[in-house]
Structures are given as structure tokens and as C-alpha cells.
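Asker: would you be able to build a 3D model of this:
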Amino acid sequence: MKGIELCERFYLECGVPMLDEKFGDIKHLLAIGIAGSGSECFGYDDELSQDHDFEPGFCIFIPDETVVDRKTEFALERAYSKLPKEFMGYRRSPLSPVGGNRHGVMRTADFFKSKTGTADGRIAPREWFFLPEQSLAEATNGKVFFDGFGEFTDIRERLSYMPEDVRLKKLAGNLLTMGQAGQYNYGRCTLRGECAAAQLAISEFVKSTLNVIFLLNKRYIPYYKWSFHALRELPKLAQLYEPLEYILSSGNCESEAERKKATVELVCENIIDELCAEGLAENCGTAIEAYAYAVNNKINNAEIRNLHILYAV
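Answerer: Now for the predicted structure:
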């Protein structure tokens, strides 16, 4: 059973009766769901994931103290802690009294501030460049089971994706890194017999390519260990999973290096085709570096456009 499904069933069977009975007068001020850290919040969990942090539970997000006071917050915390300690064969972990819990009662503002540095999801254009996408992914993942107040859902909608000029700046920088690391530096390193340097170059190429793919899909890239898993589920360029896995996991001897360079070019061709299909660039050859500057020129905000092309990488 997936973690989100387990948590939703726990909420429906145990949480709803408790909230209706004890907090019916304020339920309309609450948001209930699961979001944040953990593979289950992305739907990536499997049997192996159940060896840690896998349990029935849900979050009760509450507005600031002018709407829900501290006394009510404390009452909610006590009621949540008294819910069944075991559900469908899975045990709940005890809540930490000093915070840091993934489930339980938390202020909406505190949750979003921990992920994005802002309590209400209002982020200035330049500030987007300093936010890790994995944190933005954690702020907008999971599932909202109920939101009577609407604040939690409104903030998530505000954070649903970065502004277009920010996306284009990130796209331009990662395209440039793709070209430098994959189409240029990898081959030169192999010619010199520097296998370790060659592998570093190809790792940079794969990392930048993954960023480009997620940017073209307008999806936040998750924590690195989930990036390949998430790649397979994207609507665009998911076919690059196997080529990228190959060039990252294969060796750098002469025969492998030649195949690897050909695979790098195949990946670049696919990226170029998508850039052209989306109208982000016109076909200008096979060197992906040229497309980086073409995308940068599409940025409307002159201040962002004139930042160094690698500013967002």
C-alpha cells in the first residue's frame, strides 16, 4: 500500500470522527493532508521505504494565532496524539515535543516558511533563484484531503511553479553546462586518458540534462535520488531515461567512450527538438551551447536577461 493511501484512510477512518466530534466548530478553519519530506509524499515509496518514517498519519494545518489560538492548537495536538497507535498493521511513531514532526498539528505559515523561506508563498523574482527546487517540490507535493479555510491551497497554488523568466534563465544556464560538459569536456578528457575527469564531466552533463528536462516539463526536480524515478513519469522526454542511465553507469575506455559520445549527441538532439517544438529556439545546428543563448534572449525581464548566463545554475 502506498503511503498517501494509508494516510488518507487513517484520516477518513480515525481523523474525521475525532475532528467532527471535538472540533466541529473550527473544522472549517483547518486544512488536512500530507505533504513535505518523504518518498510517500511523492508517491515514490515501495516496500523498501517502509523501513523508516512510514506510518499512518496526517497533517493538520492551522492558520495564525489570530484565527486559531494557542489553546486550540494545544487541544488539537492532544487529540491527534490520542488517535490509534496502530492502523492496518502499521504503528505510528511518537510525536517529538520539540518539533520536526512530519505529521500532526502545524501552522500553515511555519510549514511553508520551512520549505521556501516565506510564510505566504509570495516570492520576489530574484529570490526564486536561491530556492532549491526539491524544497519547492516538497511544498507542493502530497495530497490535500480537506481545506475548509482555503489558505493552504491558495499558497500551494502560488508556489505551483516558478515565474517564466526564472525558468528560462535556469534553462539557459543548464543548456550551456550540458554543452560544455557533454559535447566538449567529456571528449577532451577521454582523449587525454583522464577517466576520472571524464566521469565528472559526464556526471555534470547528466545532472544538467535532468534539470533541463524538468524545466521543459515545468515540474520541480525532486531530491537527487528520486530524479530518475520522476523522469520516467514525465509527459515530455521520458524516453531519455535509458540513454542517460547508460552514459552515467558505463565506463570510459576507448570503445565505451565512443558509444558514450554518440549517446550524448542523441540526448542533445532530443533536447534541441523539444526546444524548437516549444518555440524557445530556432534550429541552429547540433551544438547545444547556441540554444542556451537563444533561450536566454527569450527572457522578457531585462534585469534577469542580462545576468550572467550561468547565474541560475
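Asker: state the phi and psi torsions of the spatially closest residue to L237 that is not a sequence neighbour.
Answerer: Of all residues not flanking L237 in the chain, I213 sits nearest, at 4.8 Å (CB to CB, 6 or more residues apart in numbering). Where C-beta positions appear, they are placed from N, C-alpha and C, glycine not excepted. Backbone dihedrals for I213, given as degrees, to the nearest 10, come out at phi -60, psi -50.
Asker: same deal with the one 10 residues further on?
Answerer: Note on Y223: its backbone torsions stand at phi -50, psi 140 [degrees, to the nearest 10].
Asker: residues touching it, list them.
Answerer: Remark: with contacts taken as CB atoms under 8 Å, 6 or more residues apart in numbering, Y223 is in contact with 134, 137.
Asker: can you tell me how far it sits from M178?
Answerer: Distance check for Y223 against M178: by CB to CB, to the nearest Å, it reads 21 Å.
Asker: what does L266 give?
Answerer: As it turns out, when the distance is counted by CB to CB, L266 lies 13 Å from M178.
Asker: low pLDDT regions in the stretch 1-150 of the chain?
Answerer: Low-confidence segments of the stretch 1-150 of the chain, defined by pLDDT under 70: 49-53, 96-100.
Asker: what about the helices in it?
Answerer: Listed in chain order, the helices of the stretch 1-150 of the chain (DSSP state H, counting those that start in this stretch) span residues 3-10, 16-22, 39-42, 70-81, 108-116, 133-140.
Asker: tell me which of the ones you listed is the most buried.
Answerer: Among the helices of the stretch 1-150 of the chain, the stretch with the highest mean neighbour count (mean count of other CB atoms under 10 Å) is helix 39-42, at a mean of 22.
Asker: about what we covered before: which one of the helices of the stretch 1-150 of the chain lies closest to F61?
Answerer: When the helices of the stretch 1-150 of the chain are ranked by proximity to F61, the top entry is helix 108-116, at 4.6 Å, counting by CB to CB.
Asker: next, the angle from that closest one to helix 133-140.
Answerer: With axes from the mean of the first three to the mean of the last three CA atoms, to 10 degrees as the basis, helix 108-116 and helix 133-140 are set at 160 degrees to each other.
Asker: for helix 108-116, packing partners?
Answerer: Under the contact criterion of 3 or more CB pairs under 8 Å, 6 or more residues apart in numbering; DSSP states H and E, helix 108-116 touches strand 59-62, helix 133-140, helix 151-158.
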